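K.L.:
Sequence below, structure please.
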Amino acid sequence: QQMAEVSSEDGGRTSDTIYSDSWLRLRQEVSESELPFCDLYAVREVFKSIPSNASLHLGNSSCVRHAQLFPLNDGVRVYCNRGTHGIDGCMSTAVGYAAASDTLTYLLIGDLSFFYDLNALWNRHVSSKLRVILTNNGGAGIFQYNLGKKGLQTLDYNIAAEHGTSAKGWVESLGYMYLSARNKTELSRCLPELAREDVGTPII
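P.N.:
This next block holds a predicted model:
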């Protein structure tokens, strides 16, 4: 079906929304499949828990791709700073925004972008309403999709920057709250904490 633009009586133009309405109807017919614990599952559950008055900043690559798959509560404002192909300054941008905001600011960020911009958290103006959702899967998983090990044997070491680094020590040394989830049960325990505004400290 096509979207048709028609002229109204006063000479202005209005749009027939048959096309978009059809897509919205089809979307409602698609049921969510059961997911194992993974990045996709975590993003979906976090998105369900973000309050309507909050802001969401997106990191690079997988974060943006995952974010477009799941709905957010009405009123959540979404921002994305791609920087130099995305890895530069994603966290710095969110930290600066949160410092000037009165509401919760969430950042969904991958591990390489997080560790690359780690010093953004070493800042005297980090807001207690900052919530950083770090999807730490040990490297740039996005390259597994478009290159794959069959195409490049040294992918993990040379391009995806495979690692075993944890943010725990750095985050706790700054006095921030560190939460970790390695399964669905642990994630469900973390989500209510992220949505609290009275914690008095940033949460990673």
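K.L.:
where's residue 27 relative to residue 21, distance?
P.N.:
In this structure, residue 27 and residue 21 are 11 Å apart, going by CB to CB, to the nearest Å. To be clear about C-beta, it is placed using only N, CA and C from the backbone, and glycine gets the same treatment.
K.L.:
Output whichever strand or helix holds residue 133 as CSV, restricted to C-alpha atoms.
P.N.:
Here residue 133, judged by DSSP states H and E, is contained in strand 130-135. Listed in CSV are the C-alpha atoms of strand 130-135, where the atom choice follows Å, rounded to 0.1, in the frame of the first residue of the first chain:
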residue,chain,number,x,y,z
LEU,A,130,23.9,8.5,35.5
ARG,A,131,23.2,4.9,34.6
VAL,A,132,25.7,3.1,32.4
ILE,A,133,24.7,-0.2,30.9
LEU,A,134,27.9,-1.8,29.8
THR,A,135,27.4,-4.9,27.6
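K.L.:
Is the nearest residue to residue 67 once chain neighbours are set aside bridged to anything, and to what?
P.N.:
Closest residue in space to residue 67, ignoring its immediate chain neighbours: residue 58 at 5.4 Å, by CB to CB, 6 or more residues apart in numbering. Beta-bridge partners for residue 58, by DSSP bridges, are residue 80, residue 108.
K.L.:
Report the contact partners of residue 58.
P.N.:
Counting by CB atoms under 8 Å, 6 or more residues apart in numbering, residue 58 makes contact with 64, 67, 78, 79, 80, 90, 107, 108, 109.
K.L.:
now with 6 Å?
P.N.:
Residues near residue 58 by CB atoms under 6 Å, 6 or more residues apart in numbering: 64, 67, 80, 108.
K.L.:
my read: residue 108 touches residue 133, true?
P.N.:
Yes: Residue 108 lies in contact with residue 133 (CB atoms under 6 Å); the separation is 4.8 Å.
K.L.:
More neighbours: which of the two?
P.N.:
In this view residue 108 and residue 133 are compared by other CB atoms under 10 Å, and residue 108 has more residues nearby, 28 against 23.
K.L.:
for that one, what are its contacts?
P.N.:
58, 63, 133.
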